[in-house]
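Enquirer: just a sequence and a predicted model for now, questions to come.
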Amino acid sequence: MVCQEELLIEKVCSLYSQISTLESLKPSKNVDTLFTELVLTCMPPSPIDVTNLTKNVQDIRSHLIRLCGEAEGHLESHYSTILGSHKNPLDHLHIFPYYNNYLKLGLLEYTILTQNSIHVPEKIAFIGSGPLPLTSIVLASNHLISTTFHNYDIDSSANSSAQKLVLSDPDLSNRMVFHTSDILDVTKELEDYDVVYLAALVGMNKEGKNRIIDHLAKYMAPSAVLMLRSAHGARAFLYPVVEASDLQGFEVLSVFHPTDEVINSVVIARKYSTTPSTHSLDQGLVGSMILPNKCSDEIQVFIPLNHVEELTVEEQLS
Ligand SMILES: C[S@+](CC[C@H](N)C(=O)[O-])C[C@H]1O[C@@H](n2cnc3c(N)ncnc32)[C@H](O)[C@@H]1O
């Protein structure tokens, strides 16, 4: 097993040295091939614990996450521009190579959300929506068809590209609002949302992510839900990891680690309505959660709502 982990780290480091010397991370044959290989290397379930890496490999991981973020940003801008040139951009979303992953992730997050929350959210904030706000589009079109989505991005050009994609659709353009700001500058407004989504790449390292989580803990409404994306096993070479202990001010309801091509783990947490000490963590309440597995069959698992359960598809099936 150790040998397998060493081989994996060697492969990731070799891909890192090729990626980090590329002149540009804009979409090209070379960029696409290297990132595809990186994703395929990190995708299989692995017992690797990224907190135990050597200092050198930790540094490589941190830089690799930044490079993945930069490449993802370029890829999204590239496809947003192409889509924006169509009369009805939303009819062509399938041209984005990872559209199917967003469909699966959207369904997964919607399922997890509805199993942990009693009412349909009226207003959702999506932080880090980018030039191709596929999570909001998928949720608003397929699952939460009366909810309004407030998309926040620090980058005004990302927002204008994103807005262009929904303009031709009267329903979506009414329910998709775009705000340009660093989320750390948004304060009282955060109180208005039933659910806040935090994109995986907003806060690229532990310190940055925790600063944002603490900010959300301060300004979100009591009992509002926070949906976060994390990474498990070798997938943590691609995205930051959010641990339950990072979520100060929130009660973690569940953590789900997909093992298929959906790369991100999903964490759902609820802001404490009072101070955490008044909460019993052992009420033994049981919640039910239906999660789609790889073969798209549904499996039902029961989780105690007040316990953090980290579930992979394998664990659920065993
Ligand atoms: C590439 S992701 C986009 C997510 C993706 N389109 C989705 O639907 O899940 C990251 C985006 O987060 C934005 N971002 C990063 N830090 C931010 C912050 N502090 N406040 C607001 N937006 C931020 C970046 O500008 C970038 O567009």
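Expert: The structure has been received and is ready for your questions. Residues are numbered from 1 along each chain as shown.
Enquirer: residue ranges for the strands of the stretch 51-200 of the chain, please.
Expert: Applying DSSP state E, counting those that start in this stretch to the stretch 51-200 of the chain gives strands spanning 123-127, 148-153, 176-180, 195-198.
Enquirer: does the ligand sit close to the third one?
Expert: No: taking Cβ under 6 Å from any ligand atom as the criterion, strand 176-180 and the ligand are apart, separated by no less than 8.5 Å. Glycine gets a C-beta too; all of them are placed from N, C-alpha and C.
Enquirer: and if you look at the shortest one?
Expert: No: counting by Cβ under 6 Å from any ligand atom, the ligand is not contacted by strand 195-198; separation bottoms out at 7.9 Å.
Enquirer: distance between that strand and the chain's centre?
Expert: 10 Å (Cα atoms, centre = their mean, to the nearest Å).
Enquirer: okay, now the sheet partners of it, with direction.
Expert: Looking at strand 195-198 with DSSP bridges, its partner strands are strand 123-127 (parallel), strand 225-230 (parallel).
Enquirer: same deal with the longest one?
Expert: Within its sheet, and counting by DSSP bridges, strand 148-153 is paired with strand 123-127 (parallel), strand 176-180 (parallel).
Enquirer: can I get those in TSV including mean pLDDT and mean neighbour count?
Expert: What follows is the strands paired with strand 148-153, written out as TSV (pLDDT from 0 to 100; neighbours: other Cβ atoms under 10 Å):
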stretch	mean pLDDT	mean neighbour count
strand 123-127	98	23
strand 176-180	98	17
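Enquirer: thinking residue 99 is in contact with residue 92, fair?
Expert: No: if you go by Cβ atoms under 8 Å, residue 99 and residue 92 don't touch, sitting 9.7 Å apart.
Enquirer: rewinding a little: with residue 112 as the reference, name the closest of the strands paired with strand 195-198.
Expert: Closest to residue 112 of the strands paired with strand 195-198 is strand 225-230 (Cβ to Cβ; 7.7 Å).
Enquirer: direction included, what does the helix or strand just after the closest one pair against?
Expert: The first helix or strand that comes after strand 225-230 along the chain, using DSSP states H and E, is strand 250-257. Using DSSP bridges, strand 250-257 pairs in its sheet with strand 265-271 (antiparallel), strand 310-312 (parallel).
Enquirer: let me see the contact set for the residue nearest the centre of the chain.
Expert: Centroid check for the chain by Cα atoms, centre = their mean gives residue 229 as the closest residue, at 3.4 Å. Each residue near residue 229 by Cβ atoms under 8 Å, 6 or more residues apart in numbering is listed here: 198-200, 239, 242, 264-267.
Enquirer: and what of residue 101?
Expert: Per Cβ under 8 Å, 6+ apart, neighbours of residue 101: 261-263.
Enquirer: out of the residues you listed, which end up buried?
Expert: Among these, those classed as buried by 16 or more other Cβ atoms under 10 Å are 262-263.
Enquirer: what would the contacts of residue 101 look like in CSV with distance to residue 15, secondary structure and pLDDT?
Expert: CSV is the format used below for the contacts of residue 101 (distance: Cβ to Cβ, whole Å; DSSP: H, G, I helix; E, B strand; the rest coil; pLDDT from 0 to 100):
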residue, distance to residue 15, secondary structure, pLDDT
261, 18, coil, 92
262, 21, coil, 95
263, 15, coil, 96
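Enquirer: would you reformat the contacts of residue 101 as CSV and include distance to residue 219?
Expert: Below are these laid out as CSV (distance: Cβ to Cβ, whole Å):
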residue, distance to residue 219
261, 34
262, 29
263, 29
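Enquirer: CSV for the strands of the stretch 51-200 of the chain, including distance to residue 271?
Expert: Below are the strands of the stretch 51-200 of the chain laid out as CSV (distance: least, Cβ to Cβ, whole Å):
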stretch, distance to residue 271
strand 123-127, 13
strand 148-153, 17
strand 176-180, 20
strand 195-198, 9
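Enquirer: thinking again about what came up before, will you turn the strands paired with strand 148-153 into JSON lines that also has distance to residue 9?
Expert: Output for these, formatted as JSON lines (distance: least, Cβ to Cβ, whole Å):
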{"stretch": "strand 123-127", "distance to residue 9": "32"}
{"stretch": "strand 176-180", "distance to residue 9": "39"}
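Enquirer: fine, thanks again, bye for now.
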